[in-house]
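In: My questions concern the predicted model and sequence given below.
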Amino acid sequence: MRDKTQTNSAVPGDRLIRAGAVVFFIGAVATLVTVAPFLLGTTPFPTYMFGLSMFMALGFVLAGAGVLQSIAAGRRQARTGR
């Protein structure tokens, strides 16, 4: 018997995982841009750029929350027998 879950069905937490990946990527780019002047020997960027680097941590937390939400939904679904 085939599994009843469709491959394109949205699972709770998917949006958080996708949003976390996007925010993490923005933070990674900001980190590379912020660190580049130190490696190239040019003048460093303003302090707020270091704050943008924290988007990596925020994205990681968002994605982790999405994974936990997905796990909780899977457990709920397994408990109800659907």
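Out: Good, I have the coordinates.

In: Show the average pLDDT along stretch 45-65.
Out: When pLDDT is averaged over stretch 45-65, the result is 90.

In: Can you tell me the centre-most residue of this protein?
Out: What sits nearest the mean C-alpha location of the chain, by C-alpha atoms, centre = their mean, is Gly20, with 2.2 Å.

In: Would you confirm that that residue contacts Leu62?
Out: Yes: using C-beta atoms under 8 Å, Gly20 is in contact with Leu62, at 3.3 Å. The C-beta positions use only the backbone N, C-alpha and C, and glycine is treated the same way.

In: returning to what we had before: secondary structure element for the residue nearest to the centre of the chain?
Out: Per DSSP states H and E, Gly20 falls inside helix 14-40.

In: so what does that helix touch, helix or strand wise?
Out: Helices and strands touching helix 14-40, by 3 or more C-beta pairs under 8 Å, 6 or more residues apart in numbering; DSSP states H and E, are helix 48-52, helix 55-80.
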